[in-house]
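[1] Mind folding the following:
(chains A and B)
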There are 2 protein chains.
Amino acid sequence: MRSPERDPMALALAAARAAGEVGDVPVGAVLLGPDGRLLAVAGNRVERRRDPTAHAELLVLRAGGRRLGTPRLVGCDLWVTLEPCPMCAHAIALARIRRLYFGAFDPKGGGVEHGPRIFAHATARHRPEVYGGLGERAAAELLRRFFAARRS
Amino acid sequence: MRSPERDPMALALAAARAAGEVGDVPVGAVLLGPDGRLLAVAGNRVERRRDPTAHAELLVLRAGGRRLGTPRLVGCDLWVTLEPCPMCAHAIALARIRRLYFGAFDPKGGGVEHGPRIFAHATARHRPEVYGGLGERAAAELLRRFFAARRS
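    Residues are numbered from 1 along each chain as shown, chains lettered A, B, ... in the order given. As a prediction, this is how the structure comes out:
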């Protein structure tokens, strides 16, 4: 088995699965430091915490700030199973994340390649490098199964 | 003196001033419940908490979810001294806020009337009613003085 640092998307998927198991939409995120060290991992906790802002990405950004003692996570990379929504995309810009890696594209709720395309605007004073569609099938399948189970 | 519920922008301005006094950008927000009752008040705490997401709006949305026991703040109104950034604007949509009242317009960093204009996209499945430019002069003057003091 590879260490989490070597396979952050697998770790993000595990966090997504755990979120689904407690009744939250299964999305997971992982934050790595400038040296590639694991800083934070989190799953979506909107329902569990009754917090409209508790998306996986925001939770790892907040944890990263605490760990590094600064709100500016310069040189850090964020891995997430789903294309971030506009809230999370702008938070990623505010936090000065270096690289964003995401799994499934989200045509309905995404804010990177869809909708307001946050990084395309001058108001996003910082833009991460973006790599989308990584391990897309596993992330999308997890979400599909979650919503199918809730509808049945 | 009017009660906070009667003058939420004055309360938001007081929270903004307090944020500036601890070294954070002076922005403040107030959340009122469906019955007009005060649910939360907060100032920006990005620097103080080393949290890139700790904008005043996100702090009152999170507190509101805790107070009401749900991430869906249906019927709640949010007052903020400055036009929300794209992160906060989308959080406001996710939280299903009924009405958004803001003070100064923010052509550089705003995400409601500027930049990605979050509520203009279909990805924002909920749109609050928006009232901008309320008490604009006081909010803008507070920010101007803050940045002038830091540059000198």
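
[2] What lies in contact with the helix or strand hosting residue A:138?
    Assigned by DSSP states H and E, residue A:138 falls within helix A:136-151. Residues outside helix A:136-151 that contact it (CB atoms under 8 Å, 6 or more residues apart in numbering or on different chains) are A:13, A:16-17, A:20, A:25-27, A:81-82, A:103-105. Heads up, the C-betas are built off the backbone N, CA and C, glycines and all.

[3] So for the lowest-mean-pLDDT helix or strand in chain A, what gets flagged as buried?
    Ranked by mean pLDDT, DSSP states H and E, the weakest helix or strand in chain A is helix A:136-151, scoring a mean of 89. Going by neighbour count (16 or more other CB atoms under 10 Å in any protein chain shown), the buried part of helix A:136-151 is A:136, A:138-140, A:142-143, A:146.

[4] which one of the residues you listed is nearest chain B?
    residue A:143 (16.0 Å; CB to the nearest CB).

[5] any idea which residue sits dead centre in chain A?
    residue A:80 (3.3 Å; CA atoms, centre = their mean).

[6] what is the closest residue in space to that one that isn't next to it in sequence paired to in the beta sheet?
    Nearest residue to residue A:80, sequence neighbours excluded (CB to CB, 6 or more residues apart in numbering or on different chains): residue A:29, at 4.2 Å. In this entry, residue A:29 is beta-bridged to residue A:42, residue A:80, by DSSP bridges.

[7] State whether residue A:89 and residue A:121 are indeed in contact, as I suppose.
    No. Between residue A:89 and residue A:121 no contact is recorded; they are 10.3 Å apart, counting by CB atoms under 8 Å.

[8] Now do the shared contacts for those two.
    Contacts common to residue A:89 and residue A:121, judged by CB under 8 Å, 6+ apart, are residue B:86.

[9] residue boundaries of the helices in chain A?
    For chain A, the helices defined by DSSP state H occupy A:8-21, A:46-49, A:56-68, A:86-94, A:136-151.

[10] more crowded one of residue A:89 and residue A:121?
    residue A:89 (30 against 18; other CB atoms under 10 Å in any protein chain shown).

[11] So that one versus residue B:106, what's the distance?
    As judged by CB to CB, to the nearest Å, residue A:89 and residue B:106 stand 18 Å apart.

[12] and what of residue A:140?
    36 Å.

[13] Low-confidence stretches in chain A?
    A:1-5, A:123, A:152 (pLDDT under 70).

[14] The residue nearest to residue A:80 is in contact with residue A:79, isn't it?
    Yes. At 6.6 Å, residue A:29 counts as touching residue A:79 under the criterion of CB under 8 Å.

[15] More neighbours: the two, which one.
    Taking other CB under 10 Å, residue A:29 and residue A:79 do not tie; residue A:29 has more neighbours (30 against 27).

[16] how much space between the more buried one and residue A:85?
    Separation of residue A:29 from residue A:85 (CB to CB): 12 Å.

[17] now do residue A:103
    With distances taken as CB to CB, residue A:103 is found 14 Å from residue A:85.

[18] that older thread, now list whatever residues contact both of residue A:29 and residue A:85.
    Common contacts of residue A:29 and residue A:85 (CB under 8 Å, 6+ apart): residue A:55.

[19] Isn't residue A:127 up against residue A:112?
    No. Taking contacts as CB under 8 Å, residue A:127 lies outside contact range of residue A:112: 10.3 Å.

[20] who has more neighbours, those two?
    Just comparing residue A:127 and residue A:112: by other CB under 10 Å the higher neighbour count belongs to residue A:112, 24 against 15.

[21] Nice, that's everything, thank you.
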